[in-house]
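Asker: next comes the sequence, and after it the predicted model I'd like to discuss.
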Amino acid sequence: MAGSKRVCPSSNIIYYPQMAPVVITLVTDGARCLLARQSSFPKGLYSALAGFCDIGESVEEAVRREVAEEVGLEVESLQYSSSQHWPFPNSSLMIACHATVKAGQTEIQVNQKELEAAAWFSLDEVATALLRKGSFLQQQSDALPLLLPPKLAIAHHMIKKWVERQTCASLAA
Ligand SMILES: NC(=O)C1=CN([C@@H]2O[C@H](COP(=O)(O)OP(=O)(O)OC[C@H]3O[C@@H](n4cnc5c(N)ncnc54)[C@H](OP(=O)(O)O)[C@@H]3O)[C@@H](O)[C@H]2O)C=CC1
């Protein structure tokens with residue numbers, strides 16, 4: 001709510017709600033997109049790379065740092081996509097970007113402290129995963145295909161946008 005604040009009745013100090021900026025990046029090498037998972041994710045679920053911005057960083061710097069830290073890749077170019085308020089664990093402003101790495105420099109080095117796995121996925125694999133019917137929770141089972149974040153998450157919409165762009169590009173080619 002705009003203008004939210006609390007005033008301490010004894011000191012009159014005003015406290016405004018805090019919000020943490022988070023960059024979330026969908027990395028592509030031009031043909032594939034990079035998705036990653038943490039061990040805390042439901043089985044089979046992969047998402048875009050996310051991380052809290054550090055103090056003093058621009059969005060561009062945060063994207064480049066997070067991609068380098070989490071998967072050891074250098075971002076060649078990046079483009080802002082969209083944003084979302086995200087209430088978990090505390091209020092975050094998710095800032096979504098699409099990033100491209102150089103075609104010849106795509107070897108992933110997974111940072112095991114942050115991620116359980118990361119991999120490149122083809123347009124077919126991601127498009128098929130997006131089309132799967134049924135709720136996200138109902139899809140959890142032992143033999144799992146690729147699962148993607150639910151529609152309420154900005155990650156879902158970034159992945160969908162990438163599939164749409166790639167599909168248009170491949171039809172035009
Ligand atoms: N809406 C969407 O589509 C998606 C949203 N997200 C959200 O993005 C956020 C970041 O993702 P991810 O890095 O994977 O998250 P994690 O929950 O893995 O957080 C990583 C670590 O960042 C540190 N940290 C730095 N600043 C903060 C802060 N202001 N608040 C909390 N922790 C902080 C904490 O480390 P320490 O405890 O060592 O201080 C934390 O454990 C999460 O809130 C996640 O829910 C992620 C993916 C998709």
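Answerer: Nice, I can see it. Residues are numbered from 1 along each chain as shown.
Asker: and E66, what does it touch?
Answerer: Neighbour list for E66: V23, T25, L49, A50, G51 [criterion: C-beta atoms under 8 Å, 6 or more residues apart in numbering]. Heads up, the C-betas are built off the backbone N, CA and C, glycines and all.
Asker: isn't there a helix covering it?
Answerer: Yes - using DSSP: H, G, I helix; E, B strand; the rest coil, the assignment for E66 is a helix.
Asker: what about the nearest residue in space to it that is not next to it in sequence, distance to K102?
Answerer: Counting by C-beta to C-beta, 6 or more residues apart in numbering, E66 lies nearest to G51, which is 3.9 Å off, once chain neighbours are set aside. G51 sits 21 Å away from K102, going by C-beta to C-beta, to the nearest Å.
Asker: looking at the two now, which is surrounded by more residues?
Answerer: Neighbour tally, G51 and K102, criterion other C-beta atoms under 10 Å: the higher count belongs to G51, 17 against 13.
Asker: buried stuff in the longest helix anywhere in the chain?
Answerer: Longest helix of the chain, by residue count under DSSP state H: helix 154-172. Residues of helix 154-172 classed as buried by neighbour count (16 or more other C-beta atoms under 10 Å): I154, A155, H156, H157, M158, I159, W162, V163, Q166.
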